[in-house]
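>>> the amino acid sequence is not available; the structure is as follows:
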Ligand code: PLP
């Protein structure tokens, strides 16, 4: 069964692409949406040749429209590859580092990716150099090796999870190319609607599709996109042989979620900017991390290379870890949960995870702003902040036996 995309005009805007891409060809009585194909194998005749479906671990017609849509959004010239999770995509990307090579990675990368890299480095697969990704000198020194071996791969995450540092993408991609290092950019936080890493010089773009692309907190999936046929062939081989494939139902759900990406991103970004500005003025908040605030160290870079500022912001709560914990407990609309990018607003104290680097403050809360009414989101935060700031007095009362 072949996927034949509908014939659309060229050069559609990205907010049209999310709706129009990955639709079946318009034939009389054809379905408007691609169907789910549930088959672990395909009828074969003669010998198996390149491009045959052959077996369900190599390909599935339900993957094709989603991979086509993701490639169009990231402006990759080849179909993207979807994986069973974002971390499975990370694993495939890290497999491109030659044995004994060098990986340069932000110290505040998504912790799962960092732990994977640390474990692979501990086993001797490659050398890991962690860097402050916002500091060009630091990253360039790690890339060239300053007398040691030069890097084989640069990992970019911008803004980083959870510190929201912004990398100077074009400069760093050029520096990586100069030493022959491949660049992988985790674009999960920004989505292709806000930032296009391939256009900024990255070789590969990675997504946890679980987050904004699927958008409803009901799918775990990852994706990689590249315009290099050689790199794509290696990644496809890794997926087929290591077996971290996406289920057809998840692929169908993810494409269904993608249809509303532009609306969701527009709404949640606007709310995030509004909430960040209000939180920045609040006495109960020591610091707001959000590249959309003009005072943020990453603001000018973000403005130059992104078309928005994303919908994730972090706050450092006055009163330390306990106050941060109490704030999360006091919220009634925001859901205390890990993850991000869904329609519902989530909040989490990141250091509750044992693997989170200790350079992430213990009182830091990460807020994933959803698509609810911004005044309702603010009212909930304001009431919780008010409760937390009166907590010391009430503790005195209860300890005095009242
Ligand atoms: N990259 C980023 C930036 C993430 O936030 C996450 C998950 O939180 C991942 C990758 C891993 O994705 P998944 O949970 O789909 O495996």
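Done, it's in. Model, not experiment: these values are computed from the prediction. Residues are numbered from 1 along each chain as shown.

>>> tell me the residues of the chain that contact the ligand?
Within the chain, the residues that sit near the ligand (Cβ under 6 Å from any ligand atom) are 85-87, 110, 112-113, 161, 186, 188-189, 208, 210, 220, 222, 339. (C-beta placed from N, C-alpha, C; glycine too.)

>>> same thing but at 8 Å, please
85-90, 109-110, 112-113, 157, 161, 186, 188-189, 206-211, 220-222, 338-340 (Cβ under 8 Å from any ligand atom).

>>> A strand includes residue 384, no?
No: counting by DSSP: H, G, I helix; E, B strand; the rest coil, residue 384 is located in no strand; its state is helix.

>>> mind listing the strands for the stretch 1-150 of the chain?
When secondary structure is read from DSSP state E, counting those that start in this stretch, the stretch 1-150 of the chain shows strands at 81-83, 101-106, 126-131.

>>> most tightly packed of these?
Mean neighbour count (mean count of other Cβ atoms under 10 Å) peaks for strand 81-83 among these, with a mean of 28.

>>> burial measure for the closest residue to the ligand within the chain, as a count.
Scanning the chain for proximity to the ligand using Cβ to the nearest ligand atom identifies residue 86 as nearest, at 2.2 Å. A count of nearby residues for residue 86, using other Cβ atoms under 10 Å, gives 24.

>>> ok, now residue 221?
When neighbours are defined as other Cβ under 10 Å, residue 221 has 26 of them.

>>> residue contacts, it?
With contacts defined as Cβ atoms under 8 Å, 6 or more residues apart in numbering, residue 221 is in contact with 82-86, 208-210, 214, 246, 250-251, 254.

>>> how long is stretch 350-367 end to end?
10 Å (Cα to Cα, to the nearest Å).

>>> likewise for stretch 45-65?
With Cα to Cα as the measure, the first residue of stretch 45-65 is 25 Å from its last.

>>> report the buried residues of it.
With burial defined by 16 or more other Cβ atoms under 10 Å, the residues of stretch 45-65 counted as buried are 53, 56, 58, 59, 60, 61, 62, 63, 64, 65.

>>> in helices only, show me the residues you listed.
With helices taken from DSSP state H, the overlap with those comprises 63, 64, 65.

>>> for the last one, list the residues it contacts.
Meaning residue 65. 3, 5, 21, 22, 23, 24, 34, 255.

>>> any idea how far residue 249 is from residue 220?
12 Å (Cβ to Cβ, to the nearest Å).

>>> domains of this protein?
Under the assignment automatic domain parsing, the domains of the chain span 14-258, 261-389.

>>> any chance of those domains in TSV, with mean pLDDT too?
Formatted as TSV, the domains of the chain follow (pLDDT from 0 to 100):
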stretch	mean pLDDT
domain 14-258	97
domain 261-389	97
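
>>> circling back: excluding chain neighbours, what is closest to the residue of the chain closest to the ligand?
Among residues not flanking residue 86 along the chain, residue 208 sits closest, at 2.8 Å (Cβ to Cβ, 6 or more residues apart in numbering).

>>> so the one you found sits against residue 189, correct?
No: judged on Cβ atoms under 8 Å, residue 208 makes no contact with residue 189 at a distance of 9.4 Å.

>>> three-state assignment of the residue positioned nearest the centre of the chain?
Among the residues of the chain, the one closest to the centroid is residue 188, at 1.6 Å (Cα atoms, centre = their mean). What three-state DSSP gives for residue 188 is coil.

>>> count of neighbours near the closest residue to it other than its chain neighbours?
Spatially, and ignoring its direct neighbours in sequence, residue 188 is nearest to residue 208 (4.5 Å; Cβ to Cβ, 6+ apart). As a burial measure, residue 208 scores 29 neighbours (other Cβ under 10 Å).

>>> for residue 208, what are phi and psi?
Backbone torsions for residue 208, taken as degrees, to the nearest 10, come to phi -90, psi 100.

>>> contact partners for it?
Applying Cβ under 8 Å, 6+ apart, the residues contacting residue 208 are 85, 86, 87, 89, 110, 186, 188, 221, 222, 341.

>>> now the third one: how far from residue 222?
For residue 87, the distance to residue 222 (Cβ to Cβ) stands at 7 Å.

>>> now swap in the last one and tell me
Applying Cβ to Cβ, one obtains 13 Å for the distance of residue 341 from residue 222.

>>> what of the second one?
From residue 86 across to residue 222, the span is 4 Å (Cβ to Cβ).

>>> intersection of neighbour lists for those two?
With contacts taken as Cβ under 8 Å, 6+ apart, the residues that reach both residue 86 and residue 222 are 206, 207, 208, 209, 210.
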